[in-house]
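Student: Provide a 3D model corresponding to the input given below.
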Amino acid sequence: MILDDVHRGIQKRKPRKRIGRGIGSGHGKTAGKGHKGYYSHSGGQRRLSFEGGQIPLARRIAKRGFSNNRFAKNVAIVNVSALEQAFESGNTVDLAALRAKRLVSGNFDVVKILGNGTLKKKLKVSAHSFSKSAEQKITEAGGTFEVVVES
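Tutor: Model (predicted):
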């Protein structure tokens, strides 16, 4: 074995097949489409979902039921333990402050505060919704919560 031969012929990008460029190219005359028939003519092409006569995927999968995923709201979740770490006592926690502290990011429709963890700091929290335990922990710490109405 010659070490130089190991990688010979291996290319990162294979050049495209140039069809219809004369008999010397090996893909001339019929341009790889064969003689006669539907697929040799212009306009003769299979549709996008054609699977060689096999029942297409769109017909194989079940079409029952309804999914609400297209209409469901995207909820950003923040736990009270994250509020405890990110904010000082007496701070106002709103959507802008949550984004600034990177507790929420990306696209979302509503922000919900959940009661996971402990909260000892007095905070004024405003969000779209709160869990019962989060409401309880915020009020027990001496803070207030405000439900933001979507506009």
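Student: where along the protein do the strands fall?
Tutor: For the chain, the strands identified by DSSP state E occupy 75-79, 92-93, 110-114, 124-127, 129-130, 144-147, in order along the chain.
Student: mean neighbour count and mean pLDDT for those strands - can I get that in JSON lines?
Tutor: For every residue, glycine as well, the C-beta is placed using N, CA and C. Below are these laid out as JSON lines (neighbours: other CB atoms under 10 Å; pLDDT from 0 to 100):
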{"stretch": "strand 75-79", "mean neighbour count": "17", "mean pLDDT": "96"}
{"stretch": "strand 92-93", "mean neighbour count": "20", "mean pLDDT": "95"}
{"stretch": "strand 110-114", "mean neighbour count": "20", "mean pLDDT": "96"}
{"stretch": "strand 124-127", "mean neighbour count": "20", "mean pLDDT": "96"}
{"stretch": "strand 129-130", "mean neighbour count": "18", "mean pLDDT": "96"}
{"stretch": "strand 144-147", "mean neighbour count": "13", "mean pLDDT": "95"}
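Student: between these, which one is nearest to residue 41?
Tutor: strand 75-79 (54.1 Å; CB to CB).
Student: and the angle for that closest one with strand 110-114?
Tutor: Taking axes from the mean of the first three to the mean of the last three CA atoms, to 10 degrees, strand 75-79 and strand 110-114 form an angle of 30 degrees between their directions.
Student: so how far is strand 75-79 off the chain centroid?
Tutor: Averaged C-alpha coordinates place strand 75-79 at 18 Å from its chain's average position (CA atoms, centre = their mean, to the nearest Å).
Student: who are the packing partners of that strand?
Tutor: Where contact means 3 or more CB pairs under 8 Å, 6 or more residues apart in numbering; DSSP states H and E, strand 75-79 is packed against strand 110-114.
Student: quick check: neighbours of the strand it packs on in the sheet, parallel or antiparallel?
Tutor: For strand 110-114, the paired strands and their directions (DSSP bridges) are strand 75-79 (parallel), strand 129-130 (parallel).
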